[in-house]
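# predicted model follows, preceded by the sequence.
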Amino acid sequence: DAEITQSPRHKITETGRQVTLACHQTWNHNNMFWYRQDLGHGLRLIHYSYGVQDTNKGEVSDGYSVSRSNTEDLPLTLESAASSQTSVYFCASSDSGRISYNEQFFGPGTRLTVL
Amino acid sequence: DQQVKQNSPSLSVQEGRISILNCDYTNSMFDYFLWYKKYPAEGPTFLISISSIKDKNEDGRFTVFLNKSAKHLSLHIVPSQPGDSAVYFCAASSGNTPLVFGKGTRLSVIA
């Protein structure tokens, strides 16, 4: 069965360290997204990609970067982790097309703690 | 400025009764609206959607109503079941722009 996976599921790191969160999908979806979920803020978009070599900034992109070298993966990198980046991170993907674009499939999430 | 608002952080409903979750939006360019459901320690899952050309969409126990003039949509769950207890996110989009999510409403269905 096609799926979307995230790793690690839990991560504890220190302030200033570089951290990379992995996202892998086997649906062959063109569109991939990274969100963070925080209490009182809901889901906020960090970065997104509409295909290989395409990346775009979302609402809360400062301190984060992504790269898309193939269809299946969109890793999220925190260049220098800060305590404000402690959050739960969700990766999502969707197919192209006006309707299916919005019906995103989400991964199980990565809980990141920055000490 | 919040473009999608879910003003009720939580809602408790008795099993078998109707649950009504509300969502307001400010951007008149939004033309597609969705509800996602999220259980603890899992990612959100798509529940139901509605295009701006409709005012109602039904899928089993779930119905979404859209009032464009009021910029308001609601999700009705009838009858509510304990398994419906989750956080519900309203989301909206215009064209092929990324979804904008509300902050979510935690629904508790009490047996």
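Good, I have the coordinates. Residues are numbered from 1 along each chain as shown, chains lettered A, B, ... in the order given.
# which non-adjacent residue is nearest the closest residue to chain A within chain B?
Here the residue of chain B nearest chain A is B:Gly43; by CB to the nearest CB that distance is 3.1 Å. C-beta coordinates here come from the backbone N, C-alpha and C atoms, glycine included. Counting by CB to CB, 6 or more residues apart in numbering or on different chains, B:Gly43 lies nearest to A:Phe106, which is 3.1 Å off, once chain neighbours are set aside.
# contacting residues around that neighbour?
The contact partners of A:Phe106, by CB atoms under 8 Å, 6 or more residues apart in numbering or on different chains, come to A:4, A:90-92, B:36, B:43-45.
# can you pull the contacts of the residue of chain B closest to chain A?
So B:Gly43 contacts A:4, A:90, A:92, A:106-109 (CB under 8 Å, 6+ apart).
# follow-up on the earlier one: give the PyMOL command for selecting the buried subset of the contacts of A:Phe106.
Burial among the contacts of A:Phe106 is assessed by 16 or more other CB atoms under 10 Å in any protein chain shown; the matching PyMOL selection reads:
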select buried, (chain A and resi 4+90+91+92) or (chain B and resi 36+43+44)
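# mind checking the SS state of residue 92?
With no chain named, the answer covers chain A. strand (DSSP: H, G, I helix; E, B strand; the rest coil).
# try chain B instead
Quick answer, by three-state DSSP: B:Ala92 is strand.
# what score does residue 71 have for pLDDT?
Using chain A. On the pLDDT scale, A:Thr71 is placed at 96.
# not quite, I wanted chain B
97.
# how about the contacts made by the closest residue to it other than its chain neighbours?
Leaving aside its sequence neighbours, B:Lys71 sits nearest to B:Tyr25 (CB to CB, 6+ apart; 5.1 Å). By CB under 8 Å, 6+ apart, B:Tyr25 lies in contact with B:3-5, B:33, B:71-73, B:92.
# angles on the backbone of B:Tyr25, please.
phi -130, psi 160 (degrees, to the nearest 10).
# I'd like the distance between it and A:Ile46.
B:Tyr25 sits 22 Å away from A:Ile46, going by CB to CB, to the nearest Å.
# for B:Lys5, list the residues it contacts.
B:23-26, B:102-103.
# surely B:Ala41 is in a strand?
No: according to three-state DSSP, B:Ala41 belongs to no strand; its state is coil.
# burial measure for it, as a count.
Using other CB atoms under 10 Å in any protein chain shown, B:Ala41 has 10 other residues around it.
# wait, it touches A:Gly109, no?
Yes: at 7.4 Å, B:Ala41 counts as touching A:Gly109 under the criterion of CB atoms under 8 Å.
# and the contacts of stretch B:72-85?
B:13-25, B:33, B:35, B:47-48, B:50, B:61-67, B:88, B:90, B:107-111.
# related to what we said a few turns ago, and the furthest pair within the contacts of B:Lys5?
B:Thr26 and B:Lys103 (14.1 Å; CB to CB).
# more neighbours: these two, which one.
B:Lys103 (22 against 12).
# ok, now which ones touch that one?
Going by CB under 8 Å, 6+ apart, the list of residues near B:Lys103 reads A:40-42, B:2, B:5-6, B:9.
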